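*Asks:* Here is my input, please return the structure:
(one chain, ligands or ions: 1)
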Amino acid sequence: NTTVIIIGAGAAGIAAASLLAEHGISFVILEAEDRIGGRIFSTYFGESKVDLGAQWSHGEQNNTMYNLIKDLDLVKPSDFKKNLYYSAENFDKSFASDLYWLCKKIFLKEKPVEEMSVGSFIEKRFRERVEEKYGNDEKISKYVNEILITFMHDILVQRGALSWFDVSMLNDYDRLKGQAYLDWKGCGHGIILDVMMKRYPNLSEELPIAENIIFNKQVNKIRWDGPPSVQCTDGSEYFTSHIILTASLGVLKHNYRSLFHPVLPQSKIDAINSLGIASVFKVVLEFSNRWWDPQSFKTAALCWDTADLKLLHDEFPKGRMKNNQSWLENLCEFHALDKNPNMLVAWFTGEFVPDIELLPDSTIIEGIMHVLVKFFGRQYKVTKPVGLLRNNWNSNQHFRGVYSYETVESRKLNESAALILSKPLISRDGNLSLLFAGEATSPTHYATVHGAIESGYQEAQRIIQLSL
Ligand SMILES: Cc1cc2nc3c(=O)[nH]c(=O)nc-3n(C[C@H](O)[C@H](O)[C@H](O)COP(=O)(O)OP(=O)(O)OC[C@H]3O[C@@H](n4cnc5c(N)ncnc54)[C@H](O)[C@@H]3O)c2cc1C
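*Replies:* Coordinates of the predicted model:
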C-alpha cells in the first residue's frame with residue numbers, strides 16, 4: 001500500500017516520481033525492464049556513451065528539460081549538416097541537391113488547405129513545383145522520384161513511421177525556439193535521469209527514488225473503477241490511491257483490451273487507435289579505424305540511382321524482401337559521433353524495419369558493408385565494422401515502437417487525441433484513480449523527452465494538488 005503507483009521508469013515516470021518525492025508523497029515504480037530510462041538508453045560502447053534511444057535535445061526556450069540542465073554544461077549545439085551521397089558516379093549532384101532543398105522548403109513552408117498525409121501532399125506539390133521551375137522530361141522525372149525517396153526517409157526518421165502516407169501534414173507540434181538539436185557531449189541522454197533524481201551534480205542531494213523502483217515487474221491488469229490496484233505477470237498485486245501509467249502508445253495499442261478493468265471509455269480507445277507509432281532501426285557500428293572524413297559524415301544521407309536500386313536485391317540477396325525490394329533500401333543515413341571517433345550510427349526507416357529487427361547481427365553487418373562500399377567505396381577505403389550495438393524497439397513488448405505521431409485519422413477527432421489520452425479517469429466514488437503520462441499524451445511536445453518529462457510533472461502535480 002503506497003499512495004501512488006507509477007507504471008514505467010522512463011522519462012515520464014522518473015519525472016513524476018521526482019516531484020512526488022520532493023513533496024514527501026509515497027510511491028513505488030513498477031518497471032517491466034531491468035533498467036531505468038525506457039526509450040532513453042545510454043550505454044558505454046568504446047570510449048564514451050552512445051544512445052540507442054533518444055539522442056538529441058530539441059529547443060531551449062520554454063523547454064522543461066533544458067531548464068533542468070542549462071547551467072550544468074552537459075550539452076552543446078549539434079552540427080547537423082546534411083550531405084547527400086549518391087550510389088551512381090555519373091549523378092548530376094548539383095541538380096539533385098537543388099531538388100532536395102526545394103522539397104525540404106515545400107515541407108517547411110507550405111501547408112495543405114485540408115487534412116492530408118505528408119506523403120500525398122509532398123508528392124503532389126513537389127512534382128508541381130518542379131514542373132513549373134524545370135519543365136518535365138525523362139531525366140527530371142527520374143531525379144524527382146529519387147529525391148522523393150531520400151526526402152521520404154528524412155520524414156520517416158523524424159516521425160518514426162513506416163509510411164509517410166500515415167503521417168499527417170498538419171499537426172500541433174510546437175517547435176521550441178533555440179538550438180533545434182543539442183548533443184550530450186558523450187555523456188549520453190541518460191544523464192537527464194540522474195539530474196531529475198538529483199544524483200547529478202551532487203550525489204549527496206539524491207532524492208529517494210532508486211530504492212522505490214521494482215524492476216522486471218510487468219503490469220498486466222489495472223483496476224481503476226473502485227479501490228485502484230494493479231496486478232503483475234508474476235501474480236503480485238499492489239493496492240494504492242492513484243496510478244500513473246506511462247507505458248508507450250505502442251504498449252497501449254497492443255494491450256488496452258486486456259489491461260484495463262473496466263475497459264477504457266470509447267473516447268480513449270479512439271485516441272489510442274488513431275494516433276500513430278511505429279519504428280526506426282538504429283545501429284551503432286564500430287570500426288577498427290576511422291576511414292571517413294568526420295565533417296562530411298555529420299549526416300550522410302543516401303540517394304539511390306533507380307537502376308542501382310533495381311539491382312540491389314540481386315547484388316545482395318540475403319535477408320528479407322518483398323515485391324523484389326531489398327531491406328537495404330530502408331538504410332537511409334549515417335551519422336558520425338563526436339566522442340566516439342571510430343563509430344558511425346546507421347539509420348533504417350520504412351516498411352521493412354519490423355523485419356530488419358529480426359535479422360541476425362552478421363547479416364546486418366554484411367548488408368551495411370555492401371551499401372557503404374556502393375556509396376563511399378569510390379572515395380574511401382571502407383573497412384568492415386568490427387562491432388555493432390542495436391536495440392529492437394518495435395519487437396520489444398515493453399515499447400512496441402519509438403515515438404508517436406499525429407495521423408490524418410487522429411486529427412479527425414473533435415479534440416486533440418493526445419489531450420484525450422492525457423485525461424485522468426475518475427472512479428465512481430470520485431477518486432482520481434488512473435492518470436496517463438508519457439510522450440504520446442503531450443499535445444504539442446509528443447515524440448520527445450521533454451514532452452515525456454512535462455507529462456510526468458503534470459500528472460504528479462494533479463496528485464500533489466489533492467494533498468494541499
Ligand atoms: C531510437 C529512438 C530515438 C529517439 N530520439 C529522440 C531524440 O533525439 N530526442 C528526443 O527528445 N526524443 C527522442 N526519442 C523519443 C524519446 O525517447 C521518448 O519520447 C521518451 O523517452 C519517452 O519517455 P516515456 O517515459 O514517455 O516512455 P518510455 O521511455 O517508453 O517509458 C515507459 C516505461 O514503461 C515501461 N513499461 C511498459 N509497459 C509496462 C508494463 N506493462 N508494466 C511495467 N512497465 C512497463 C517500459 O519498460 C518503459 O521503461 C527517441 C526514441 C527512440 C526509441
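*Asks:* Enumerate every residue touching K217.
*Replies:* Residues near K217 by C-beta atoms under 8 Å, 6 or more residues apart in numbering: L30, E31, A32, C232, D234, S236. For the C-beta atoms, the positions are set from N, CA and C on the backbone; glycine is no exception.
*Asks:* Shouldn't it be within a strand?
*Replies:* No. With DSSP: H, G, I helix; E, B strand; the rest coil as the criterion, K217 is located in coil rather than a strand.
*Asks:* how near is it to H398?
*Replies:* Distance of K217 to H398, computed by C-beta to C-beta, to the nearest Å: 11 Å.
*Asks:* where do the contact lists of the two overlap?
*Replies:* Contact criterion C-beta under 8 Å, 6+ apart; residues shared by K217 and H398: A32.
*Asks:* before we move on, back to that, what is the nearest of the contacts of K217 to the ligand?
*Replies:* A32 (3.5 Å; C-beta to the nearest ligand atom).
*Asks:* residue contacts, that closest one?
*Replies:* The contact partners of A32, taken as C-beta under 8 Å, 6+ apart, are G8, N216, K217, Q218, V219, H398.
*Asks:* residues near V382, how many?
*Replies:* 18 (other C-beta atoms under 10 Å).
*Asks:* That one: which element?
*Replies:* Per DSSP states H and E, V382 falls between elements, in no helix or strand.
*Asks:* Wait, it touches V373, no?
*Replies:* Yes. Judged on C-beta atoms under 8 Å, V382 makes contact with V373 at a distance of 5.3 Å.
*Asks:* what residues does the stretch 51-200 of the chain put near the ligand?
*Replies:* G53, A54, Q55, W56, H58 (C-beta under 6 Å from any ligand atom).
*Asks:* switch to 8 Å and redo it
*Replies:* Residues of the stretch 51-200 of the chain lying near the ligand by C-beta under 8 Å from any ligand atom: D51, L52, G53, A54, Q55, W56, S57, H58, G160, Y181, H189.
*Asks:* Can you classify Q158 by secondary structure?
*Replies:* Of the three states, Q158 takes helix under three-state DSSP.
*Asks:* Any idea how many residues pack against it?
*Replies:* Number of residues near Q158 (other C-beta under 10 Å) recorded here: 16.
*Asks:* swap in S288?
*Replies:* By other C-beta under 10 Å, 11 other residues sit near S288.
*Asks:* need the contact list for it.
*Replies:* N342, T383, V386.
*Asks:* top of these by neighbour count?
*Replies:* Neighbour counts for these peak at N342, which has 19 neighbours (criterion: other C-beta under 10 Å).
*Asks:* quick one: pLDDT of that one?
*Replies:* N342 is assigned 94 on the pLDDT scale.
*Asks:* so what's K82 closest to, chain neighbours aside?
*Replies:* T299 (4.5 Å; C-beta to C-beta, 6 or more residues apart in numbering).
*Asks:* Count the residues that sit near the one you found.
*Replies:* Per other C-beta under 10 Å, the neighbour tally for T299 reads 20.
*Asks:* Same question for the one 3 residues further on.
*Replies:* Taking other C-beta under 10 Å as the criterion, the count of residues near L302 is 24.
*Asks:* Could you verify my assumption that it touches L328?
*Replies:* No. Here L302 lies out of contact with L328, judged by C-beta under 8 Å, at a distance of 9.8 Å.
*Asks:* joint contacts of those two?
*Replies:* Each of V371 lies in contact with both L302 and L328 under the rule C-beta under 8 Å, 6+ apart.
*Asks:* From the ligand, how far out is S288?
*Replies:* 26 Å (C-beta to the nearest ligand atom, to the nearest Å).
*Asks:* Quick check: that residue vs E366, distance?
*Replies:* 17 Å.
*Asks:* again with A417
*Replies:* Taking C-beta to C-beta, one finds A417 at 41 Å from E366.
*Asks:* Settle it for me: which of these two has more neighbours?
*Replies:* A417 (31 against 16).
*Asks:* ok, that one - contacts?
*Replies:* Contacts of A417 by C-beta under 8 Å, 6+ apart are D270, A271, S274, L275, E406, S410, R411.
*Asks:* try I155
*Replies:* If a contact means C-beta under 8 Å, 6+ apart, then I155 has F107, V118, I122, A161, W164, V167 as its contacts.
*Asks:* swap the cut-off to 6 Å and go again
*Replies:* V118, W164 (C-beta atoms under 6 Å, 6 or more residues apart in numbering).
*Asks:* and what of L328?
*Replies:* Counting by C-beta under 6 Å, 6+ apart, L328 touches L312, G367, V371.
*Asks:* Give the helix, strand or coil label for the second one.
*Replies:* When the structure is split into helix, strand and coil by three-state DSSP, G367 lands in helix.
*Asks:* Leaving out chain neighbours, which residue sits closest to it?
*Replies:* Nearest to G367 is L328, by C-beta to C-beta, 6+ apart, at 5.1 Å.
*Asks:* Can you pull the phi/psi pair for the one you found?
*Replies:* Main-chain dihedrals, L328, degrees, to the nearest 10: phi -70, psi -10.
*Asks:* Could you check the pLDDT of it?
*Replies:* Reported pLDDT for L328: 97.
*Asks:* Likewise for K339?
*Replies:* Value for K339, per-residue pLDDT: 88.
*Asks:* circling back to that earlier point, measure the residue nearest to G367 to the ligand for me?
*Replies:* Counting by C-beta to the nearest ligand atom - L328 and the ligand are separated by 19 Å.
*Asks:* List the residues that contact the residue of the stretch 51-200 of the chain found nearest the ligand.
*Replies:* Across the stretch 51-200 of the chain, the shortest distance to the ligand (C-beta to the nearest ligand atom) belongs to A54, at 3.3 Å. Going by C-beta under 6 Å, 6+ apart, A54 touches I40, H189, V449.
*Asks:* Identify, from the residues of the stretch 51-200 of the chain next to the ligand, the entry nearest to L435.
*Replies:* A54 (22.8 Å; C-beta to C-beta).
*Asks:* The helix or strand of the chain with the lowest mean pLDDT: partners in the sheet, and parallel or antiparallel?
*Replies:* Ranking every helix and strand in the chain by mean pLDDT, DSSP states H and E puts strand 321-322 at the bottom, with a mean of 80. The pairing partners recorded for strand 321-322 under DSSP bridges are strand 325-326 (antiparallel).
*Asks:* Contacts for the partner strand next, please.
*Replies:* Applying C-beta under 6 Å, 6+ apart, the contact partners of strand 325-326 are L312, H313.
*Asks:* List the buried residues of stretch 13-27.
*Replies:* For stretch 13-27, a neighbour-count test (16 or more other C-beta atoms under 10 Å) marks G13, I14, A15, A16, A17, S18, L19, L20, A21, I25, F27 as buried.
*Asks:* Ignore what I typed, I meant stretch 24-42.
*Replies:* Quick answer for stretch 24-42 (16+ other C-beta under 10 Å): 25, 27-33, 36-42.
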